[in-house]
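K.L.:
this one's structure only:
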């Protein structure tokens, strides 16, 4: 094993599987994935690509520390645990290279965010928390093939301007954080914003906000 690999980071990454499933960030099986980067070594801890070693059909609820893959910033595996990284590794790598302040990524398939993704629509900026936690509206990236470097490039473009979330057209969503805890929290805000936007469209014409019209200038955070 590479001496820089930290078992506690593999354990931490795997520990989010239950939350990922319970929050319905996946419709089931192995849809979606997440990763974290060690800011000291640059190593990336990421969900595996399911293989025949799983005792039951591929399902994130059975993920354990020993299933987590570890690779360097170029995607080279630094240990052999019998698994390959998720097919979306190129997307994770592209985001980490473009956003050095980011150390966690959640790629999810939640219901309302996916509804916007399949229409190619951005999620409009309607709630103050969307500005505070997501950076404003959530852009829908141009379509890219699953597992392609092209998809990674298109997601990076949709995340420009410091945004913490983007939609993958006809696919799902990506959320960024300084760590896994933040990335999962921001994922909640993304899906809540998508749900509110969807409902607002049924009620009437949503009223959009702007980043300079959220907080009182004299307010200290």
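P.N.:
Thanks, I have the structure now. Because the structure is a prediction, the values reported are computed rather than measured.
K.L.:
Any stretches of the chain with poor pLDDT?
P.N.:
In the prediction, the chain carries residues with pLDDT under 70 at positions 1, 52-58, 219-221.
K.L.:
which residue ranges form the helices in it?
P.N.:
Shown for the chain, the helices assigned by DSSP state H span residues 7-15, 17-22, 89-98, 111-119, 128-129, 149-158, 180-203.
K.L.:
residues contacting the residue most central in space within the chain?
P.N.:
Residue closest to the average C-alpha location in the chain (Cα atoms, centre = their mean): residue 106, at 2.2 Å. Residues in contact with residue 106 (Cβ atoms under 8 Å, 6 or more residues apart in numbering) are 20, 25, 32, 34, 174, 175, 177, 180, 183, 184, 186, 187. Just so you know, the C-beta spots here come from the backbone N, C-alpha and C atoms, and that holds for glycine as well.
K.L.:
let's go with 7 Å and repeat that
P.N.:
25, 34, 175, 183, 184, 187 (Cβ atoms under 7 Å, 6 or more residues apart in numbering).
K.L.:
farthest-separated two in these?
P.N.:
Farthest apart among the contacts of residue 106 by Cβ to Cβ are 25 and 183. That separation is 10.7 Å.
K.L.:
Between the two, tell me which one has more neighbours.
P.N.:
When neighbours are counted by other Cβ atoms under 10 Å, residue 25 and residue 183 differ, and residue 25 comes out ahead with 29 against 26.
K.L.:
returning to what we had before: look up how far residue 179 lies from the residue nearest to the centre of the chain.
P.N.:
Counting by Cβ to Cβ, to the nearest Å, the gap from residue 106 to residue 179 is 11 Å.
K.L.:
Over to residue 100?
P.N.:
Counting by Cβ to Cβ, the gap from residue 100 to residue 179 is 14 Å.
K.L.:
can you check residue 17 too?
P.N.:
Going from residue 17 to residue 179 by Cβ to Cβ gives 16 Å.
K.L.:
do the same with residue 107
P.N.:
16 Å.
K.L.:
which of those two has more neighbours?
P.N.:
The neighbour count for residue 107 versus residue 179, taken as other Cβ under 10 Å, is higher for residue 107 (26 against 14).
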